[in-house]
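Q: for reference, the sequence and a predicted model appear below.
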Amino acid sequence: MIFTQYYLECLSQASYLIGDETTGRAVVVDPRRDINEYVQDAEVAGLTIELILETHFHADFLSGHL
């Protein structure tokens, strides 16, 4: 199990990459708009991001204010 927290101090916003090394599947929780770090870390770990989960809507998340 891979569990990585990404914390953005200036916005007090946390997001997470959670992955299963056995299946190679991963999910990102509350992703911020700049997704490069998640994609790079998943690739290095041999994971494919299959799902995005948001705990709530927020302008700083990937989905923005939709």
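A: On my side now, so go ahead. Numbering: from 1, shown residues only.
Q: the residue lying closest to L51 once chain neighbours are set aside bridge partners, please.
A: In space, and not counting its chain neighbours, L51 is closest to V27: 4.3 Å by Cβ to Cβ, 6 or more residues apart in numbering. (Glycine included, C-beta is placed from N, CA and C.) V27 forms beta bridges with I18, L51, as assigned by DSSP bridges.
Q: check what pLDDT V27 gets.
A: For V27, the pLDDT comes out at 98.
Q: count the neighbours of it for me.
A: 16 (other Cβ atoms under 10 Å).
Q: can you tell me which residues contact it?
A: L17, I18, G19, I49, E50, L51, I52, L53 (Cβ atoms under 8 Å, 6 or more residues apart in numbering).
Q: excluding its backbone neighbours, what's nearest the fifth one?
A: If you skip the residues right next to it in sequence, E50 has R25 as its closest partner in space, 5.3 Å away by Cβ to Cβ, 6+ apart.
Q: E50 versus the residue lying farthest from the centre of the chain, what's the distance?
A: Residue farthest from the centre of the chain, counting by Cα atoms, centre = their mean, is T22 at 18.8 Å. Applying Cβ to Cβ, to the nearest Å, the value for T22 to E50 is 14 Å.
Q: and if you look at Q13?
A: 22 Å.
Q: likewise L8?
A: In terms of Cβ to Cβ, L8 sits 24 Å off from E50.
Q: so V39: helix, strand or coil?
A: Following DSSP: H, G, I helix; E, B strand; the rest coil, the label given to V39 is helix.
Q: for it, report the pLDDT, please.
A: The model's pLDDT for V39 equals 97.
Q: against D30, how distant is it?
A: As judged by Cβ to Cβ, V39 and D30 stand 16 Å apart.
Q: more neighbours: which of those two?
A: D30 (19 against 13).
Q: could you find the closest non-adjacent residue to that one?
A: Using Cβ to Cβ, 6+ apart and skipping residues adjacent in sequence, the residue nearest D30 is S15, 4.5 Å away.
Q: so who does the one you found touch?
A: Q5, Y6, V28, V29, D30, P31, R32, Y38.
Q: which residues touch the third one?
A: Remark: with contacts taken as Cβ under 8 Å, 6+ apart, V28 is in contact with S15, Y16, L17, I18, I35, Y38, I49, L51, I52, L53.
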